[in-house]
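Q: Sequence below, structure please.
(2 chains)
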Amino acid sequence: MRLRMAFAAVSLAVLVTAASPSFAQKAGGTLRISHRENPPSASIHEEATISVVSTFMGVFNNLVVFDPKEKVNSADHIVPDLADSWAWDATKTKLTFKLHPGVKWHDGKPFTAKDVKCTFDAVDGADDKSELVRKSPRKIWYQNVKDIVVNGDLEVTFELKRPQGSLLSMLASGYSPIYACHANGREMRTKPIGTGPFKITEFKRNEVIKFVKNPDYFKKGKPYLDAIEWKIVPNRSTRMLGFQSGQFDMTFDSDVSFPMLKDVKAQKPDAVCEARPTAVSSNILINRDAAPFNNADVRRAMVDTIDVKAFSDILSQGHNLDGAAMLPPPYGKWGMPKEMLATLPGHAADVEKSRAEGRKIMEKLGYSADKPLKIKIATRNIAIYRDPAVILIDQLKKVYIEGDLEPIDSSVWYNKIAKKDYQLGMNLTGVAVDDPDVNFYENYYSTSERNYTGYNNPEVDKLIDAQSAESDVDKRKKLVWEIEKKLAEDVARPVIGYNVDNTCWDPKVKGLNLQVNSIYNGWRFEDVWLDK
Amino acid sequence: MGAYLIRRLLLMALTLFGMSVLIFVMLRLVPGDIADILTNASGISDPKEKAKIAHELGIDQPILLQYGKWIGGLARGDLGYAYVSEQPALDEILPRIPISGKLAGMALFFAVLFGVPLGVISAVRQNTRLDYALRVVSLSGLSLPSFWLGLLVLMASVQWFGMIPIYDADRHGFWANISMLGLPAMTVGFRSSALIMRLTRSSMLEVLRQDYIRTARSKGASILAVNFKHALRNALLPVVTVIGIEAAFLVGGLIVTETVFNIPGVARFLVEAILWRDYPIVQNLVMLIAVVVVSVNFLVDMAYMALDPRIKFAD
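A: This is a model prediction of the structure:
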C-alpha cells in the first residue's frame, strides 16, 4: 500500500512538473536504444503499434503536435509543427492551416499543401492514392472530413461534415505524420522520407535501425543528437542486461515491468526510471450474437465476478489502474471520477457481494457449482494476453462459469474475432490519443472496423456523435461519462485495467519528456540531447 | 566408385525435390498468410485490404503456378522478394549466412576441440575422479537448456566484464569475431561437446579392450601412441557420424542462441520469417538447410572411406 502511495505521489509530482530544459543543451552524440522487435514496417499510417510510431516519428512532422514539453496530451497543449498557425471558421466546420515556408523533404524536394491532401486522401483509402498507404487502421478518425482543399502551396483547409473539435488532437498524434506525395508505398514502408529531424540510413531487420540528423531541418538548431540507433533485441532479458551494462542509453518504452525494475535499479542505481500508464487496457471481448452471451443475464453475471484489484495485484504488483472506457484520472483527461466508477458493473468495491448477485442470476438460469456453464476463452498466444485470461478463468468459476483457455496464433486472431468464432476473448487495446472521439469511434461505434465485438447501440452512437460535436469541455465530459456508464451497463467490452509500466534511461540522456496519457505521442527526439 | 557417386548425387537431387514440395505445401497448410498477418498487425481484418495485399504479393494465384514460379526462379538464381522487408530475398538471406556459418563453425570447432580429447581422457581414466568429474560436465551439457545457459553466461558477463557481447556488423576481423561470437559459440557448442565427449568415451572404452590394443601395448608402444594413434582412429567412426548429425542439428540450437545473444543470423531470421509467413524467405532458407544437411551426410559417407580403408563402395 505504501509502495503504491509512493508511486502515486511520484507520478503526480511528475505530472505537475513539466520537463523544463534547465540546462544548456549540448549537440552531438548517438542515442542508443534497445528495440523489442522488428517493426512490421516504417509506415506509421499503416501500423498500429508503438514499435513503429516511437521509432519512426522522428523521420516525420505533423501539421500540429502535442507540446513535447507537456506531460499531458490535451487540446490546450497543441503547438505548431509543419503548420505555423491554424484557425476554425465561424461554423466550426472548416479548419485552415498556414504552412511553414521553405520546408524540404529529405530528398530535397519542397513540401507543399498538396502533400497534406495527398496523405489524408491515402489514409482515407482514395483509389488513386492506394499505392501510398495500402492499409489504414485509423481511417475512421477522418470519417467526418468531407474534403481537403489546397489553397496554394502554403495553405490547406480541412472541410468537415459537422463540427468536430477533436480533429486537431487527432492531427497532433504521433500517428498523423505528413507523407511525401511523390514517394511510393514500398519506400514509405522500408526507407521512408519525411521532413523530420532525423533521416533513416539503415533498416536492417533483426539487427538495427539507424537515423542521422537532418542538417536541413526547418526548426533551426534542432535536433541536438547526431544520430539515433535502435538495436533490435527481441529477448527482454538481453535488452535489460544491455541497458544495465551501459550498451544502451535507454530501454524500449514501457519495457521494464515492476518486478524487473528492482533488478535494473540494483544493477544500475543511477538509471532514471519513470512509471506511466501505457494507454493500453486489458478488456474482454464478448460475442453477443451467439449463445451463451447473447443472453444479457449471462453477460451481467460474467461481469459481476470481475475483481479488477486482483488482476492488478497479480499482473503489476498493484500498479495497474482501474478505469472504464476512458483512461482514468489523474493521468486521463476524460475518464470518470473514482466514486462514479465504483457504481459501474465490474468495478464494485465489494466484489463478494457482486459475485453473490452473479451467482443468483446463474442459478436462475439453471447453473450451479455441479452444473457449470462451460465456455471457451480465446486469446492471442502471447504472455501479456494469456496471463489476464488465466486470471479471468479463475474468477469466472465463482459464478459457475467454467472457462477453457483457447490460445490463438496472432496471425489469425482478428480473423477469428471478425468471424465471431469465439465466445469470450481477452484483448488488449491501445488508444493513440486520450480523446473520446479516438477511443469511442474506433472501438464502440457501430460502423467501426475495430469495434471487434460488433457492439451496436444506436443510442450510444448518437451520444458519441453528440459528445464529438460538443465544444464545451465540461458538457462534453458529462456526455463522455454517460457513454462510459452505458457501455459498462451494456457489458460492451468490460475493461479490467490500464497497464502501467516503466521506461528507464541513463542520466546523461536529457530533454526526454514522456507523456503520461498516451505512449504513442512525443517520440520526435528533436529536444533530446546527451550530457557527456 | 564413379557409379556410386552418380547414384548418390541423383538421390540427393530427388531428396531435394521432395523437400521442395514438402516445404511448399506445409507452409501453405499453416493457418494464416502474410496478408492476414499484415492486417492483423494493424489490428484490422478488412477483406478488401487483405485481398489487395494478397494480389500485390501474388499469393492469390493458383498454388501450382506459385510453385512453378518459385522453382523457376531458383533455377535462375532469383529467390523473389521478401514479403515483409520488401527487399530481394537473396539480399536478405546472403548477409546472414556468414554470421550463422561462423557461429556454427566456431561452435563445432569448440565441440570437437573439447569433446574428443576429454572423451579420450575420460575413457583412459575410467572410474577415476577425473572421469566422474568429466561425466558430470558432459551430463550437464546435455541437460542444460541453451537459453538458460545463454542467460547465465550473459549475466556473468555483465557482472564480471560490465558488458555483454552484442553483435555489431561494423566490426570485422578475427579478434572482433572472437569477442562477439566466442561466448555464444561456446554456449551452443557445449551441448554438442558433451555429446561428442560421451560418445568418444564409450567408443574408446570398447576399442581399448580389443586385442590389437593389448598387442600394441605389449610391443612397447607409448601411451599416447596407443590411445591416440591406434585406439582413437578406430573409435572415431561413430563420433564422425555424430559430428555430421550435430552439424545439422546446430541450426536448431542456433535459433535459441542467436535470440539470447542477439546475433542477426540466419536461424533467428528463419523463425521470424515463419511467424510472418514470409514464404520466399522460409522456402529458400529451408531449401538451403536441406542442401547443407544432404551435403554433410554425403561428406560424412566420404569421410568413412578416408578413416577406414576397409570400407569400399561398390560400383
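
Q: What residues does the stretch 151-300 of chain A have near chain B?
A: Proximity of the stretch 151-300 of chain A to chain B, by Cβ under 8 Å from any Cβ of the partner chain, involves residues A:186, A:189-190, A:203-208, A:231-235, A:237-238, A:241-242, A:244-247, A:267. All C-beta atoms are positioned from the backbone trio N, CA, C, and that covers glycine.

Q: so where's chain B shaky on pLDDT?
A: When residues are selected by pLDDT under 70, those of chain B lie in B:1, B:251-252, B:311-315.

Q: for it, which helix is longest?
A: Looking across chain B with DSSP state H, the single longest helix is helix B:174-208.

Q: and that one, is it in reach of chain A?
A: No: shown here: helix B:174-208 not in contact with chain A (Cβ under 8 Å from any Cβ), separated by at least 11.2 Å.

Q: Buried ones in the helix or strand following that helix, by neighbour count?
A: Following helix B:174-208 in sequence order, the next helix or strand is helix B:211-218 (DSSP states H and E). Residues of helix B:211-218 classed as buried: B:213, B:216 (neighbour count, 16 or more other Cβ atoms under 10 Å in any protein chain shown).

Q: can you list contacts of helix B:211-218?
A: Identification of contacts with helix B:211-218 by Cβ atoms under 8 Å, 6 or more residues apart in numbering or on different chains yields B:207, B:225, B:226, B:230, B:231.

Q: And the contacts of the next helix or strand after it?
A: Next helix or strand after helix B:211-218 toward the C-terminus (DSSP H and E): helix B:223-224. Contact partners of helix B:223-224, identified using Cβ under 8 Å, 6+ apart, comprise residue B:124.

Q: and helix B:223-224, how far out from the chain's middle?
A: Helix B:223-224 sits 34 Å away from the centroid of its parent chain (Cα atoms, centre = their mean, to the nearest Å).

Q: Just list what the next helix or strand after that helix packs against, helices and strands only.
A: Next helix or strand after helix B:223-224 toward the C-terminus (DSSP H and E): helix B:232-260. If you count contacts as 3 or more Cβ pairs under 8 Å, 6 or more residues apart in numbering or on different chains; DSSP states H and E, helix B:232-260 packs onto helix B:96-124, helix B:146-161, helix B:174-208, helix B:266-275, helix B:279-307.

Q: Now do the buried residues in helix B:232-260.
A: Quick answer for helix B:232-260 (16+ other Cβ under 10 Å): B:232, B:234-236, B:239-248, B:250-251, B:253-260.

Q: One more: stretch B:76-87?
A: B:79, B:80, B:81, B:82, B:83, B:84, B:85, B:86, B:87.

Q: coming back round to it: got the angle for the longest helix of chain B vs helix B:232-260?
A: With axes from the mean of the first three to the mean of the last three Cα atoms, to 10 degrees as the basis, helix B:174-208 and helix B:232-260 are set at 140 degrees to each other.

Q: Same list (the contacts of helix B:211-218) but as a markdown table, adding neighbour count.
A: Listed next are the contacts of helix B:211-218 as a markdown table, based on neighbours: other Cβ atoms under 10 Å in any protein chain shown:
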| residue | neighbour count |
| --- | --- |
| B:207 | 20 |
| B:225 | 14 |
| B:226 | 21 |
| B:230 | 19 |
| B:231 | 25 |
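
Q: Now the two most distant members of these.
A: Distance extremes for those: the farthest pair is B:207 and B:225 at 14.0 Å, using Cβ to Cβ.

Q: Out of the buried residues of stretch B:76-87, which sit inside strands?
A: Using DSSP state E, no member of the buried residues of stretch B:76-87 falls within strands.

Q: Sort out which one of the residues you listed lies nearest residue A:88 for me.
A: For the buried residues of stretch B:76-87, the nearest to residue A:88 is residue B:86 (40.4 Å; Cβ to Cβ).

Q: Can you name the residues that contact the closest one?
A: So residue B:86 contacts A:186, A:189, A:190 (Cβ under 8 Å, 6+ apart).

Q: ok, the nearest residue to the last one once chain neighbours are set aside to residue B:17 distance?
A: I take that to be residue A:190. Leaving aside its sequence neighbours, residue A:190 sits nearest to residue B:86 (Cβ to Cβ, 6 or more residues apart in numbering or on different chains; 5.4 Å). Counting by Cβ to Cβ, to the nearest Å, the separation of residue B:86 from residue B:17 is 29 Å.

Q: Parallel or antiparallel, list what pairs with the lengthiest strand in chain A.
A: Longest strand of chain A, by residue count under DSSP E: strand A:272-286. Here strand A:272-286 has these sheet partners by DSSP bridges: strand A:424-430 (antiparallel), strand A:495-505 (antiparallel).

Q: what's the following helix or strand after the longest one?
A: Helices and strands here follow DSSP H and E; after strand A:495-505, the next one along the chain is strand A:509-510.

Q: avg pLDDT for that following strand?
A: For strand A:509-510, mean pLDDT rounds to 98.

Q: And whichever helix or strand comes after that strand, what does it pack against?
A: For strand A:509-510, the succeeding helix or strand toward the C-terminus, using DSSP H and E, is strand A:529-530. Applying 3+ Cβ pairs under 8 Å, 6+ apart, we find strand A:529-530 packed against strand A:509-510.
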